[in-house]
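Colleague: Next one to model:
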Amino acid sequence: MILTELKQYIDEQGRVERITLAKKFSMSEDGVDAMLELWVKKGKLTRELIGCDKTQCCQEAERVWYRPVYQNELMTTYIR
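Modeller: Model (predicted):
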């Protein structure tokens, strides 16, 4: 199943940009976000939003990265 393949790829790579996942799995970036939302909600992956600041809405983040959440850390969304 592609959902498991996406997570496995992120686990292997450590940190992967959304656009890279979209190209590798032949999907749209919105499709990647929708599929990985399940893993984010379960606390297995975290999302890093890059390009957000006081004047920008993070829905329009320039770059989005996904990475695994390790056993000894809290699940968070990073905004830079």
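Colleague: in the chain, which spans are strands?
Modeller: 16-17, 45-50, 63-68, 78-79 (DSSP state E).
Colleague: can you tell which of these is closest to Glu29?
Modeller: Closest to Glu29 of the strands of the chain, according to CB to CB: strand 63-68, at 7.6 Å. (C-beta placed from N, C-alpha, C; glycine too.)
Colleague: neighbouring strands for that closest one, and are they parallel or not?
Modeller: Paired strands of strand 63-68, with direction, are strand 16-17 (antiparallel), strand 45-50 (antiparallel) (DSSP bridges).
Colleague: And for the shortest one, what's in contact with it?
Modeller: In this case it means strand 16-17. Contact with strand 16-17 is made by 9-10, 63-67, as judged by CB atoms under 8 Å, 6 or more residues apart in numbering.
Colleague: Mind putting those into JSON lines with pLDDT?
Modeller: Output for the contacts of strand 16-17, formatted as JSON lines (pLDDT from 0 to 100):
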{"residue": "Tyr9", "pLDDT": "97"}
{"residue": "Ile10", "pLDDT": "97"}
{"residue": "Arg63", "pLDDT": "86"}
{"residue": "Val64", "pLDDT": "90"}
{"residue": "Trp65", "pLDDT": "92"}
{"residue": "Tyr66", "pLDDT": "94"}
{"residue": "Arg67", "pLDDT": "92"}
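Colleague: quick revisit: mean neighbour count added to the strands of the chain, as CSV?
Modeller: Output for the strands of the chain, formatted as CSV (neighbours: other CB atoms under 10 Å):
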stretch, mean neighbour count
strand 16-17, 18
strand 45-50, 19
strand 63-68, 18
strand 78-79, 12
